[in-house]
Structure formats: C-alpha cells, structure tokens
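Peer 1: coords below, sequence missing:
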Ligand SMILES: *[C@@H]1O[C@H](CO)[C@@H](O)[C@H](O)[C@H]1NC(C)=O
Ligand SMILES: *[C@@H]1O[C@H](CO)[C@@H](O)[C@H](O)[C@H]1NC(C)=O
Ligand SMILES: *[C@@H]1O[C@H](CO)[C@@H](O)[C@H](O)[C@H]1NC(C)=O
Ligand SMILES: *[C@@H]1O[C@H](CO)[C@@H](O)[C@H](O)[C@H]1NC(C)=O
Ligand SMILES: *[C@@H]1O[C@H](CO)[C@@H](O)[C@H](O)[C@H]1NC(C)=O
Ligand SMILES: *[C@@H]1O[C@H](CO)[C@@H](O)[C@H](O)[C@H]1NC(C)=O
Ligand SMILES: *[C@@H]1O[C@H](CO)[C@@H](O)[C@H](O)[C@H]1NC(C)=O
Ligand SMILES: *[C@@H]1O[C@H](CO)[C@@H](O)[C@H](O)[C@H]1NC(C)=O
Ligand SMILES: *[C@@H]1O[C@H](CO)[C@@H](O)[C@H](O)[C@H]1NC(C)=O
C-alpha cells in the first residue's frame, strides 16, 4: 500500500510539469460481450477514454494467461484491440485488456462467446409403402442449444409449415437435439421434401429429407429358358429395380430357397450386388424351375419362372445307336415335346428330369 502511494506521488511529480492532469488510464470496451461464429475471426476493441501520460503497454490475457501466438493479433497503443483467428468453441472465456502508463494501470474484461450454425443430419424410413407410418429424425449439433424447431414441407417454390393441430396426419416428438416428425398413413400426396429448421439466437440451420412411396422390388430375368450341359457351368441372369434399396436376394429352385452358404462349391455366391446365379459343374438334378427374389423394407419381389434343362453330352451321344442319338437330340432341341418312346425311357438317366419338368411347362 505504502509502496504504491510512493510510486503514485513519484509519478505525479514527474508529470506535474505538463498542463494536463495526469492519472491512471481509463479504457472502455466497445462491446463487453462479443459473440463470434466458430471458424470465423473474433475482434475485441477497446477505446481509450483518457491516457495522460500515454499508455506504455497493452497486455491481453485470458484466465490469467498472457496471450501470444500467431492466432492473436494485437492492436497498438493508440487503439488497443485483440483479434483471434479461426476461433473454436474452446476460445470462450473472459479476456482482459490490461493497460498502464507511468501513473498506474487499469483493465477491462470482455466476455467472448462462440457459437456455431446448427447442423441437422436427417434420417428415417423416408421411402415407405402406402399406408405406413414414417418417422423423420433430425440429429442436431449446435452451440448454444437450439431454442426452436420448426418442420416445414416444400410446396412449389416455397415451404409451408406443417400443421400439427390435426393429429391424424402429422405428429412431433423427440427432443430439441433429436426432433422427430411422424407422418401417419403415408399416401402419394405426402411425397415430397420435408425440412427441419433449428434455430438459436444467432443462427438457423436446416436439414431436409425426401419422402417417397416405395414399392417391392421389380425383378426381371433376361431369359426364360436355359439349357445346360452336364459338367459345364451356367449363369442364370437376374436383374431388378428397387426403391428403397434392396436388402437381400435369394434364389428358389422348385419353390425351395437355395441355401447358398451350404453349397459354396455348387453355386457362386449371389447377392444384391451380383444377382446372377452361377451354377458350377451342372448335374441332371439341377434341372428345375428357378426364381430370383429380391427384398427391401417394403417386401419381396420375385422374377417369373426361369427354366433350366440339362442335356448330357458325350456320355449319351457316345452311344453310336443312331436312334438313341436322335432321341436325345430331339428332346434337347424340342424341349417341350416329350417323346415317350421306350428308347427315350431307356436313356432316361441322361435327361430324367426333363419329362417331369415338361409337365409343368
Ligand atoms: C470503438 O468505439 C469507438 C468509440 O465509440 C469508435 O470510435 C470506434 O470506431 C469503435 N471501434 C470499433 C472497431 O467498433
Ligand atoms: C480452423 O480450425 C479448425 C479446427 O481447429 C481447423 O480444422 C481448420 O483447418 C482451421 N482453418 C483455418 C483456415 O486455419
Ligand atoms: C419458433 O419458430 C416459429 C416459426 O419461425 C415461430 O412462429 C415461433 O414463435 C418460434 N417459437 C419460439 C419459442 O421462438
Ligand atoms: C419457381 O422458381 C423458379 C426459379 O426460381 C421460377 O422460374 C418458377 O417460375 C417458380 N415457380 C413457381 C410456381 O413459383
Ligand atoms: C384431420 O384430417 C383428416 C384428413 O386429412 C380429416 O379426415 C379429419 O376430419 C381431420 N380431423 C380434424 C379434427 O380436423
Ligand atoms: C447373363 O449375364 C452375363 C453377364 O452380365 C452375360 O455375359 C450373359 O450374356 C447373360 N446371359 C443371358 C442369357 O442374358
Ligand atoms: C456378392 O457376390 C459377389 C460374387 O460372388 C462377391 O464377390 C461379393 O463379395 C458378394 N458380396 C457380399 C456383400 O456378400
Ligand atoms: C445331384 O447329383 C449329383 C451328381 O449326380 C450328386 O452328387 C448330388 O448329391 C445330387 N444332389 C441332390 C440334391 O440330389
Ligand atoms: C424340380 O422340378 C422339376 C420339374 O418339376 C423336376 O424335374 C426336378 O426333378 C425337380 N428338382 C428337384 C431337385 O426337386
């Protein structure tokens, strides 16, 4: 106490020769609270009210730590200020501008508050069947917390607020960080772009999601009839359109699902990315009616029948009996005409499944 008094007296005496009264400097903050967007630059400015004698130094600190480094830019002794580059949420705090002249010192505190534009990530079962219930969810990150959520729907070039008064179509639930819009009994008229706007005091963010009617996959096959040869490989082709996205795919043989996992050598794995079924080393008992089925969240769609007939090469044809060869070929070439001659029955081990198949055709 005494020491500062002495210093004070000493300082006064040093400046007593000037006409102006000397005193400790007086400064004020242009803004005592500065709100700055995360990622932008923040500026804190201080105005000198009086500084006689003039300031000798300006020192900026935060929580007692003097600030230095390339992120900070100082003003000068005439116009003290602090600039912070590329601010982050952790720059929040109380910044002190400390100034002194030869008489004494003073300071002013500025509170920096950082904020971010709300971001909203939308998700939900936005492709759904007629009559289903759709939940659209927003996942919000924001600083500070969101104060207000509004749901709207694009209509022509504008957006229209969703009317929750009639609870038979739209409902809202969830939390301020995780708002949920429910559309009940989805109809064609409900298709469109839905928006969730989240706002706080500084900014608003909007997320959107398109709602559409989904249908079961439309599965088609390129060929109805395949003819394979014992010992060869064959590829049964399948293609599909699916909205929403296909989730699984399987093949039926004679109405029974083929378990691909149990027959890895026989079938090349077929899935939503590779719908074709490759049958390796065909045998007579691969004869049958195949169907390709694809499922999405709406349901399962299947192709029409794909018929696979197998002929034997070599083994039967080695038999030089001309009639036998003829029968074999005739059955192969005229697949749907089963000839029940005794010779054909005799060689039935070569195409034993064909006649049964033909009954279904
Ligand atoms: C700070 O306030 C002073 C006095 O009102 C004004 O002259 C100056 O332009 C302001 N500076 C900034 C950066 O706003
Ligand atoms: C700003 O800061 C962020 C996070 O600290 C960093 O990822 C980004 O690259 C910086 N941007 C610039 C322009 O320095
Ligand atoms: C939320 O936003 C809507 C639409 O902008 C506005 O009508 C409503 O008053 C706001 N509610 C609050 C609590 O700010
Ligand atoms: C929608 O906006 C586009 C371009 O902004 C304009 O050409 C069009 O006429 C608008 N349609 C309606 C219905 O307002
Ligand atoms: C709510 O809307 C549905 C169809 O949009 C209508 O049939 C029903 O009468 C409405 N209910 C009320 C209470 O307005
Ligand atoms: C089946 O698909 C494969 C590969 O896409 C193609 O090479 C082949 O010609 C197709 N077969 C038929 C019968 O369409
Ligand atoms: C789909 O089948 C193909 C062809 O067999 C295979 O390469 C691919 O790994 C399979 N994908 C999945 C997800 O099983
Ligand atoms: C099909 O025939 C092959 C060869 O004759 C045989 O190894 C296999 O076990 C048969 N598969 C079935 C399901 O009968
Ligand atoms: C599949 O069906 C066809 C025609 O009905 C028949 O010839 C064949 O033996 C059947 N295959 C199997 C493995 O059941």
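Peer 2: Cool, the structure landed. Remember, it's a predicted structure, so these values are computed and weren't measured experimentally. Ligands and ions are numbered 1, 2, ... in the order given.

Peer 1: can you pull out the low-pLDDT segments for the protein?
Peer 2: 1-20, 313-361 (pLDDT under 70).

Peer 1: flag every residue of it that's near ligand 1.
Peer 2: Applying Cβ under 6 Å from any ligand atom, we find that the chain lies next to ligand 1 at 30, 45, 47. Placement of C-beta: from N, CA and C, glycine included.

Peer 1: filter the residues you listed to the buried ones?
Peer 2: residue 45 (16 or more other Cβ atoms under 10 Å).

Peer 1: isn't residue 40 right next to residue 84, touching?
Peer 2: No: at 9.5 Å, residue 40 does not count as touching residue 84 under the criterion of Cβ atoms under 8 Å.

Peer 1: give me the more crowded residue out of those two.
Peer 2: More neighbours surround residue 84 than the other of residue 40 and residue 84, with 24 against 13 (other Cβ atoms under 10 Å).

Peer 1: so where do the strands sit in the stretch 251-361 of the chain?
Peer 2: Taking DSSP state E, counting those that start in this stretch as the criterion, the stretch 251-361 of the chain carries its strands at 256-257, 267-268, 277-279, 288-295, 300-302, 306-311.

Peer 1: the last one: partners in the sheet, and parallel or antiparallel?
Peer 2: To tie it back to what came earlier, the one meant is strand 306-311. strand 225-229 (parallel), strand 288-295 (antiparallel) (DSSP bridges).

Peer 1: just the ones you listed: most buried one?
Peer 2: Comparing the strands paired with strand 306-311 by mean neighbour count (mean count of other Cβ atoms under 10 Å), strand 288-295 ranks first with a mean of 21.

Peer 1: need the residues that contact that strand.
Peer 2: 216-217, 219, 221, 236, 238, 240, 242, 246-255, 272, 275, 277, 300-308, 353, 357, 360 (Cβ atoms under 8 Å, 6 or more residues apart in numbering).

Peer 1: same question for stretch 94-107.
Peer 2: 7-8, 11-12, 14-15, 22-27, 29, 44, 46, 48, 51-63, 67, 80, 82, 108-112.

Peer 1: in ChimeraX, select just the buried ones from the residues you listed.
Peer 2: Per 16+ other Cβ under 10 Å, the buried members of the contacts of stretch 94-107 correspond to this ChimeraX selection:
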select :11,15,22,23,24,25,27,29,44,46,48,51,52,53,55,58,60,61,62,80,82,108,110,112
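
Peer 1: sitting in strands, which of the contacts of stretch 94-107 do you find?
Peer 2: Using DSSP state E, the members of the contacts of stretch 94-107 that fall in strands are 26-27, 29, 44, 46, 48, 57-62, 82, 108-112.

Peer 1: what does the protein put close to ligand 6?
Peer 2: So the chain meets ligand 6 at 222-223, 235, 237, 276 (Cβ under 6 Å from any ligand atom).

Peer 1: columns distance to residue 187 on top of those, output as TSV?
Peer 2: Below are the residues of the chain next to ligand 6 laid out as TSV (distance: Cβ to Cβ, whole Å):
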residue	distance to residue 187
222	35
223	38
235	41
237	36
276	37
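
Peer 1: and residue 289, how far from residue 236?
Peer 2: 11 Å (Cβ to Cβ, to the nearest Å).

Peer 1: and for the two, which residues touch both?
Peer 2: Shared contacts of residue 289 and residue 236, counting by Cβ under 8 Å, 6+ apart, come down to 306, 308.

Peer 1: chain center to stretch 192-211: distance?
Peer 2: 16 Å (Cα atoms, centre = their mean, to the nearest Å).

Peer 1: ends of it, how far apart?
Peer 2: This stretch, stretch 192-211, spans 5 Å end to end (Cα to Cα, to the nearest Å).

Peer 1: kindly report the same for stretch 38-56.
Peer 2: Start-to-end span of stretch 38-56 (Cα to Cα) is 33 Å.

Peer 1: starting at the chain centroid, how far to that stretch?
Peer 2: With Cα atoms, centre = their mean, you get 45 Å for stretch 38-56.

Peer 1: now stretch 236-253
Peer 2: Here stretch 236-253 is found 24 Å from its chain centre; the criterion is Cα atoms, centre = their mean.

Peer 1: now check that stretch, is it near ligand 7?
Peer 2: No: counting by Cβ under 6 Å from any ligand atom, ligand 7 has no neighbours in stretch 236-253; the shortest distance is 9.1 Å.

Peer 1: okay, how far is it across that stretch, tip to tip?
Peer 2: 12 Å.

Peer 1: ok so, going back, figure out which of the strands paired with strand 306-311 is closest to ligand 3.
Peer 2: Nearest to ligand 3 among the strands paired with strand 306-311 is strand 288-295; the distance by Cβ to the nearest ligand atom comes to 41.2 Å.

Peer 1: and the closest one, anywhere near ligand 7?
Peer 2: No: using Cβ under 6 Å from any ligand atom, strand 288-295 never reaches ligand 7; the gap is at least 13.3 Å.

Peer 1: can you convert the strands paired with strand 306-311 into a markdown table and add a column each for distance to residue 263?
Peer 2: Below are these laid out as a markdown table (distance: least, Cβ to Cβ, whole Å):
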| stretch | distance to residue 263 |
| --- | --- |
| strand 225-229 | 16 |
| strand 288-295 | 14 |
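
Peer 1: out of the ones you listed, which is closest to residue 140?
Peer 2: strand 288-295 (32.9 Å; Cβ to Cβ).

Peer 1: quick one, what contacts residue 196?
Peer 2: By Cβ under 8 Å, 6+ apart, residue 196 lies in contact with 120, 122, 136, 138, 149-151, 179, 181, 206-208.
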